[in-house]
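1. sequence first, then the predicted structure, then my questions.
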Amino acid sequence: MCNPHVIERIESRRIEIDPEFLDYLAAKCENIDTAIILGKNSWLGDICSIILIVRNNQPVTIMFRRLSQSLDKKHLGVDKIIEIHAT
């Protein structure tokens, strides 16, 4: 189940996504720290990637990252990056 932090981020960022879908995605991550790029959105005048961070097969945070920022394993603190288009 999505932790309260993830739910708060979904609400505060007005991301239209079902938390149960995030749980489903996290369960598929094979216990590997993973960043899942869900799509793109406009936020405060910037176009941003929507990124779900998964650790121990659990969603731990969902965030925006400007397209001008790096989207690599080192900067996201994960071992794997997956890109899907859910939004």
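-> Yep, that arrived.
2. what's the neighbour count on Ser42?
-> Other residues near Ser42 come to 9 when the count uses other C-beta atoms under 10 Å. Yep, even glycine has a C-beta here, placed from its N, CA and C like the rest.
3. Cys48 is in contact with that one, correct?
-> Yes - with contact defined as C-beta atoms under 8 Å, Ser42 reaches Cys48; the gap is 7.4 Å.
4. what about this structure, any weak spots by pLDDT?
-> 85-87 (pLDDT under 70).
5. quick check: which element contains Leu25?
-> Following DSSP states H and E, the helix or strand that holds Leu25 is helix 19-27.
6. run the chain-centre distance for whichever helix or strand comes after that helix.
-> Next along the chain after helix 19-27, taking DSSP H and E as the criterion, comes strand 34-43. Centre-to-centre, strand 34-43 and its host chain are 6 Å apart (C-alpha atoms, centre = their mean, to the nearest Å).
7. go on, stretch 61-70?
-> Centre-to-centre, stretch 61-70 and its host chain are 9 Å apart (C-alpha atoms, centre = their mean).
8. contacts for it, please.
-> For stretch 61-70, contacts defined as C-beta atoms under 8 Å, 6 or more residues apart in numbering pick out 5-6, 9-10, 13, 15, 17, 22, 38, 40-41, 43, 46-53, 71, 75.
9. likewise stretch 73-87?
-> Under C-beta under 8 Å, 6+ apart, the answer for stretch 73-87 is 15-17, 21, 25, 29, 32-41, 50-51, 53-54, 69, 71-72.
10. quick revisit: in strands only, show me the contacts of stretch 61-70.
-> If you go by DSSP state E, the contacts of stretch 61-70 have 38, 40-41, 43, 46-53 in strands.
11. just give me the closest of the residues you listed to Pro59.
-> Proximity of these to Pro59 was ranked by C-beta to C-beta; the top entry is Leu52 with 5.8 Å.
12. distance-wise, check the closest one relative to Leu25.
-> 7 Å (C-beta to C-beta, to the nearest Å).
13. neighbour count winner among the two?
-> A side-by-side neighbour count of Leu52 and Leu25, using other C-beta under 10 Å, places Leu52 first with 27 against 20.
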